[in-house]
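Trainee: Predicted coordinates and the sequence they were generated for:
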Amino acid sequence: MPISAPDLTSAQAREEYEREYAALFDSIPVTPARVLAQRFARLDARLDAGMTEAKSAMLVPSLLSTEEDHALGRWIQRQHAELARMGCAIVLAVLGDSRIEDASAWRALALTLVHMGEAVKWELIAGRAGPRDYAALHELARVALERAWLHMPCPIVVDRLMRTATIDALYFRALLLDRFSSGNLSRQQIEVLDAFLWEWAPALTALPEPAGPVMRADLDSDHGLRYGPRRDGGACLYLSLDALEARRLGVIEAFHEGRVVPEQGRAAQIRLEAHVAVLQQLRRAFTGDEARAPREPAEATQVEAWVGLGEVTHALETEVRAGIAPAEDPPGTAHRDKYDEVYDRPRRMVRLMDASDTGWLIEAADAAAAPLVVGELLALRFHAGTPLVLACVVRCVRQAESATLLVGLERLSNPGLPLRPCALRTEHGLEGTYVFVPGEDSSGRQDAFVVPYRLLESSERFFVRHGGHDFALGFNRVRRRGRGWALAGYEMVDATAWEIVVA
């Protein structure tokens with residue numbers, strides 16, 4: 001029976017909960033293992049019952065916009081992380097008591113894995129990123145492996161829903177959430193992903209040997225999932241990608257039959273667009289499309305770079321005025337950039353090292369390297385007179401014996417399709433000028449905008465002017481996300497209820 005608990009959204013209730021947590025944690029060395037396991041389960045139930053409604057509210061696009069909302073989201077993430085930390089200590093205490101039944105021990109282990117997964121999930125939802133304790137996660141898997149508990153089913157309550165999952169399913173759930181929590185998914189999409197993983201729990205089975213395409217978890221490592229068999233003979237567990245791809249295709253088939261998957265829970269209330277976006281991301285992971293495309297050495301050459309959404313937009317607006325970019329000049333911006341008409345803008349030059357279909361490796365030095373961090377947006381021009389190409393920093397390695405930085409870039413736009421600046425307006429006036437990214441599909445379904453991520457957290461309708469006409473649109477799918485920006489798909493909406501005023 002679900003525990004009756006006060007709503008933990010109030011500051012007083014949260015303080016009482018934290019006192020109960022602290023008291024339990026401090027008592028671990030002197031409390032019998034059986035009592036620790038019982039109190040840990042009760043604290044888990046109290047957090048779940050007290051935060052279920054608040055978690056649901058935070059998945060509404062218009063929320064998580066105030067500092068209070070962000071603070072509550074960070075508090076939820078922290079409590080899951082702290083329960084996971086305490087769970088590891090309690091599992092050790094329970095394992096050290098020979099009088100404790102195995103069922104109590106693996107339940108404590110299962111609850112700890114649940115909170116590890118929830119902590120990862122809420123890092124993205126609450127925007128709280130931090131280092132991942134892979135070692136503790138793998139240690140729990142090693143314990144389960146040594147005691148033959150990996151495939152033991154355990155009934156648990158999550159978000160007031162009774163679920164049954166095995167230890168290995170909970171372990172791989174946490175690792176898969178981690179793999180997709182780098183920022184590419186919105187908070188609604190990460191909720192849908194988690195719902196799929198709960199539905200697919202029977203397929204999250206640990207294999208001792210690789211069979212077909214697999215991901216693996218190295219149990220003696222401090223990193224997450226990787227592709228392919230392990231070559232050095234170390235301990236690891238494998239996850240079948242074919243089994244997961246079959247589940248993904250099953251969801252698509254259900255949608256074609258008019259059935260929503262899952263049928264209950266928060267994800268069932270989220271728009272189908274989010275489900276489709278997650279299924280596309282999973283296809284890349286399960287079919288191996290995530291693997292890096294073959295790279296070819298490029299003739300080392302200097303290319304110009306623009307870093308950050310503001311700088312990229314500025315460059316495109318300048319090109320429009322110079323007649324280079326094939327875009328309409330956004331109204332009300334012709335007075336900008338007079339500085340560029342008189343003085344040369346300092347140029348940021350980087351060196352191209354190699355290239356592939358999906359990105360590039362560049363070398364940057366001195367001032368050019370300073371703003372290049374993982375998740376940053378930038379644009380490159382490879383030859384004079386050619387369009388800018390959009391990219392995202394995905395890895396940085398500083399050279400040990402020099403001041404240069406090697407930077408891996410993921411391509412975000414087609415070099416043959418010019419970017420263009422686009423002014424977005426609301427009913428209140430100009431919101432800002434951002435980047436329109438044309439897709440490779442002639443139907444326009446792959447077209448997107450690069451905008452500040454904050455625009456996606458509201459239900460605002462935006463207006464654009466093109467070909468002398470005004471169009472209303474709303475953002476939906478997040479295709480890529482970085483440091484304050486997002487590459488977002490959109491849908492045209494009915495604007496008849498709005499009074500549109502265009503300068």
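Mentor: Okay, I see it.

Trainee: Find me the pLDDT at Y238, would you?
Mentor: At Y238, the model reports a pLDDT of 97.

Trainee: Measure how buried it is and give me the count.
Mentor: By the criterion of other Cβ atoms under 10 Å, Y238 has 20 neighbours. Glycine gets a C-beta too; all of them are placed from N, C-alpha and C.

Trainee: so what secondary structure elements neighbour the helix or strand where it lies?
Mentor: Here Y238 is covered by strand 236-240, with elements defined by DSSP states H and E. Under the contact criterion of 3 or more Cβ pairs under 8 Å, 6 or more residues apart in numbering; DSSP states H and E, strand 236-240 touches helix 167-179, strand 214-218.

Trainee: Turn the ones you listed into JSON lines, including mean pLDDT.
Mentor: Below are these laid out as JSON lines (pLDDT from 0 to 100):
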{"stretch": "helix 167-179", "mean pLDDT": "95"}
{"stretch": "strand 214-218", "mean pLDDT": "95"}
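
Trainee: Single out the most deeply packed of those.
Mentor: Of the helices and strands packed on strand 236-240, the one with the most neighbours on average (mean count of other Cβ atoms under 10 Å) is helix 167-179, at a mean of 24.

Trainee: any idea where the helices of this structure begin and end?
Mentor: Applying DSSP state H to the chain gives helices spanning 11-26, 33-57, 67-95, 102-126, 134-146, 167-179, 187-199, 241-256, 272-286, 309-322, 338-342.

Trainee: Out of the ones you listed, flag the one nearest G233.
Mentor: Closest to G233 of those is helix 134-146 (Cβ to Cβ; 15.7 Å).

Trainee: mind listing what's buried in that closest one?
Mentor: Across helix 134-146, burial judged by 16 or more other Cβ atoms under 10 Å covers 134, 137-141, 143-145.

Trainee: Which one of the residues you listed is nearest to A305?
Mentor: Y134 (33.5 Å).

Trainee: residues contacting that closest one?
Mentor: Listed by Cβ atoms under 8 Å, 6 or more residues apart in numbering, the contact set of Y134 reads 221-224.

Trainee: And the residue nearest to M349 when sequence neighbours are not counted, how far from L43?
Mentor: Leaving aside its chain neighbours, M349 sits nearest to Q302 (4.9 Å; criterion: Cβ to Cβ, 6 or more residues apart in numbering). Counting by Cβ to Cβ, to the nearest Å, the gap from Q302 to L43 is 59 Å.

Trainee: Among these two, which residue is more densely surrounded?
Mentor: L43 (21 against 10).

Trainee: So the more buried one sits against L83, correct?
Mentor: Yes - if you go by Cβ atoms under 8 Å, L43 and L83 touch, sitting 6.8 Å apart.

Trainee: Buried residues, stretch 46-53. List them.
Mentor: 46-52.

Trainee: ok, E311 - how many residues close by?
Mentor: Neighbours around E311, by other Cβ under 10 Å: 17.

Trainee: need the contact list for P153.
Mentor: With Cβ under 8 Å, 6+ apart, P153 has these contacts: 164-166.

Trainee: mind checking how far it is from T164?
Mentor: Plainly put, P153 is 5 Å away from T164 if you go by Cβ to Cβ.

Trainee: With adjacent residues omitted, what lies nearest to G482?
Mentor: Using Cβ to Cβ, 6+ apart, the nearest residue to G482 is G375, at 4.0 Å.

Trainee: OK, contacts around that neighbour?
Mentor: So G375 contacts 183, 392-393, 482-483 (Cβ under 8 Å, 6+ apart).

Trainee: Narrow the residues you listed to those that are buried.
Mentor: Looks like the contacts of G375 have 183, 392-393, 482-483 buried, using 16+ other Cβ under 10 Å.

Trainee: I'd like those residues written out as TSV, with distance to R271 and pLDDT added.
Mentor: Shown next, in TSV, are these (distance: Cβ to Cβ, whole Å; pLDDT from 0 to 100):
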residue	distance to R271	pLDDT
G183	20	53
C392	26	92
V393	30	91
G482	23	85
R483	26	86
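
Trainee: Next one: the spatially closest residue to A93 that is not a sequence neighbour from L244, what distance?
Mentor: For A93, ignoring the flanking residues on the chain, the nearest one in space by Cβ to Cβ, 6+ apart is A33 at 4.9 Å. Relative to L244, A33 is positioned 36 Å away (Cβ to Cβ).

Trainee: related to what we said a few turns ago, including distance to P229, could the helices and strands packed on strand 236-240 go into TSV?
Mentor: As requested, the helices and strands packed on strand 236-240 are exported to TSV (distance: least, Cβ to Cβ, whole Å):
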stretch	distance to P229
helix 167-179	17
strand 214-218	7
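
Trainee: Out of those, which is closest to N414?
Mentor: Here helix 167-179 is closest among the helices and strands packed on strand 236-240 (Cβ to Cβ), at 26.7 Å.

Trainee: contact partners of that closest one?
Mentor: Under Cβ under 8 Å, 6+ apart, the answer for helix 167-179 is 106, 109-110, 113-114, 116-117, 120-121, 132, 137, 140-141, 144, 149-152, 154, 165, 190, 193-194, 197-198, 201-202, 204-206, 217, 224-225, 237, 239, 285.

Trainee: Using PDB, write out the CA atom coordinates for that helix.
Mentor: Presented in PDB, the C-alpha positions along helix 167-179 are these (Å, rounded to 0.1, in the frame of the first residue of the first chain):
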ATOM      1  CA  ILE A 167      18.400  -5.900 -10.600                       C
ATOM      2  CA  ASP A 168      20.100  -5.900 -14.000                       C
ATOM      3  CA  ALA A 169      17.200  -4.000 -15.600                       C
ATOM      4  CA  LEU A 170      17.500  -1.300 -12.900                       C
ATOM      5  CA  TYR A 171      21.200  -1.200 -13.500                       C
ATOM      6  CA  PHE A 172      20.900  -0.800 -17.300                       C
ATOM      7  CA  ARG A 173      18.100   1.700 -16.800                       C
ATOM      8  CA  ALA A 174      20.500   4.000 -14.900                       C
ATOM      9  CA  LEU A 175      23.200   3.600 -17.500                       C
ATOM     10  CA  LEU A 176      20.900   4.200 -20.500                       C
ATOM     11  CA  LEU A 177      19.500   7.300 -18.900                       C
ATOM     12  CA  ASP A 178      23.100   8.500 -18.400                       C
ATOM     13  CA  ARG A 179      23.900   7.900 -22.000                       C
END
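
Trainee: now that helix, how far from the chain's geometric center?
Mentor: 15 Å (Cα atoms, centre = their mean, to the nearest Å).
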